[in-house]
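>>> Next comes the sequence, and after it the predicted model I'd like to discuss.
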Amino acid sequence: MTDYGDFLRRHRRLALLRHLEACPDYTSNAAILQSVLNGLGITSTRDQVVTELTWLREQGFIAVEDLGTVVIAAASTRGVEIARGLTSHPEIERPSPRPRL
């Protein structure tokens with residue numbers, strides 16, 4: 001994969017975790033996640049979203065339930081910690097600090 005592809009993949013993973021962290025019950029579905037990514041300028045196909053959700057699940061950052069037509073993802077404690085910047089992983093972009101008010 002190209003350097004840009006690696007860069008995009010790390011940002012895609014972070015954006016997925018950050019969205020899940022912001023959702024009630026830390027849960028969302030693949031279609032909504034795809035729309036969120038596209039809205040952030042991280043253009044993503046459904047296959048790319050599902051691939052990244054699978055990778056995040058394999059790392060223990062989320063749980064995934066595949067209902068056939070709907071894929072549901074829920075962040076784990078570790079996934080929320082990464083989204084908040086409390087811990088890091090070399091294959092996920094580290095979030096920028098959020099201003100404290």
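Nice, I can see it. Numbers count the residues shown, from 1 in each chain.

>>> So residue 72, which state does it fall into?
strand (DSSP: H, G, I helix; E, B strand; the rest coil).

>>> Apart from its chain neighbours, what residue comes closest to it?
residue 65 (4.6 Å; C-beta to C-beta, 6 or more residues apart in numbering). Every residue, glycine included, has its C-beta placed from N, CA and C.

>>> Am I right that that neighbour falls within a strand?
Yes: under three-state DSSP, residue 65 sits within a strand.

>>> ok, it - contacts?
If a contact means C-beta atoms under 8 Å, 6 or more residues apart in numbering, then residue 65 has 71-72, 74 as its contacts.

>>> could those go into TSV alongside pLDDT and distance to residue 52?
Shown next, in TSV, are the contacts of residue 65 (pLDDT from 0 to 100; distance: C-beta to C-beta, whole Å):
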residue	pLDDT	distance to residue 52
71	96	11
72	97	15
74	98	15
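
>>> quick one, helices of this protein?
3-22, 30-39, 46-58, 77-83 (DSSP state H).

>>> Of the ones you listed, which stretch is the most buried?
Mean neighbours per residue, mean count of other C-beta atoms under 10 Å, is largest over these for helix 77-83, with a mean of 19.

>>> If you count contacts, what does that one end up packed against?
Contact here means 3 or more C-beta pairs under 8 Å, 6 or more residues apart in numbering; DSSP states H and E; on that basis helix 77-83 packs against helix 3-22.

>>> which residues does the residue most central in space within the chain contact?
For the chain, the residue nearest the mean C-alpha position is residue 16 (2.0 Å; C-alpha atoms, centre = their mean). Residues near residue 16 by C-beta under 8 Å, 6+ apart: 33, 37, 49, 52-53, 56, 62, 73.

>>> Just the pLDDT for residue 98.
For residue 98, the model assigns a pLDDT of 71.

>>> again, but for residue 63
98.

>>> So it is in contact with residue 57, correct?
Yes: taking contacts as C-beta atoms under 8 Å, residue 63 lies within contact range of residue 57: 6.6 Å.
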